[in-house]
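here is the input, now give the coordinates:
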Amino acid sequence: QVQLVESGGGLVPTGGSLRLSCAASRRTTDIYAMGWFRQAPGKEREFLAGIDWSGASTRYADSVNGRFTISRDNVKNLVYLEMNSLKDEDTAVYYCAAVRAGRIPGTQRRLYDYWGQGTQVTVSS
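Predicted coordinates for the structure are as follows:
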């Protein structure tokens, strides 16, 4: 079992940057791959980025590749999403997700077992 709490959302101007954090509480013997998703009003929740347990392997959606960076600190039990060159269409609720696995399971929402409550990111010019 793992509990996830996102933070760092807010209002940011178009072209700006923001860093989201996800604090994970877990048993020290468990390993988890992590992901970030987002959901805009009236749209499906979409995969943004994933990272394996070691942090050596990452995966990104085409829509954010080159602008967003996922990273993790397993000592602090934190996962980050660094977002640059933000666009108005990046406005959404951002969710942290986890699955008890070493590798990134994929991009589908159903592959992740644990979810945070989400944090709102609003990009406005």
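
wait, doesn't residue 25 sit right on residue 78?
No. Residue 25 lies out of contact with residue 78 (C-beta atoms under 8 Å); the separation is 11.1 Å. Heads up, the C-betas are built off the backbone N, CA and C, glycines and all.

who's more crowded, the two?
residue 78 (15 against 10; other C-beta atoms under 10 Å).

from residue 48, how far out is the more buried one?
Residue 78 sits 17 Å away from residue 48, taking C-beta to C-beta, to the nearest Å as the criterion.

could you do residue 101 as well?
Distance, residue 101 to residue 48, using C-beta to C-beta: 18 Å.

just want to know which of the two has more residues nearby.
residue 48 (24 against 15).

so who does the nearest residue to that one once chain neighbours are set aside touch?
Closest residue to residue 48 apart from its sequence neighbours, by C-beta to C-beta, 6 or more residues apart in numbering: residue 36 at 4.6 Å. Contacts here follow C-beta atoms under 8 Å, 6 or more residues apart in numbering; on that basis residue 36 touches 20, 22, 47-50, 68, 70, 79, 81, 94-97.

same check on residue 5?
Residues counted as contacts of residue 5 (C-beta under 8 Å, 6+ apart) are 22, 23, 96, 116, 117.

in three-state terms, label it for me.
strand (DSSP: H, G, I helix; E, B strand; the rest coil).

which strand residues bridge it?
Per DSSP bridges, the residues bridged to residue 5 are residue 23.
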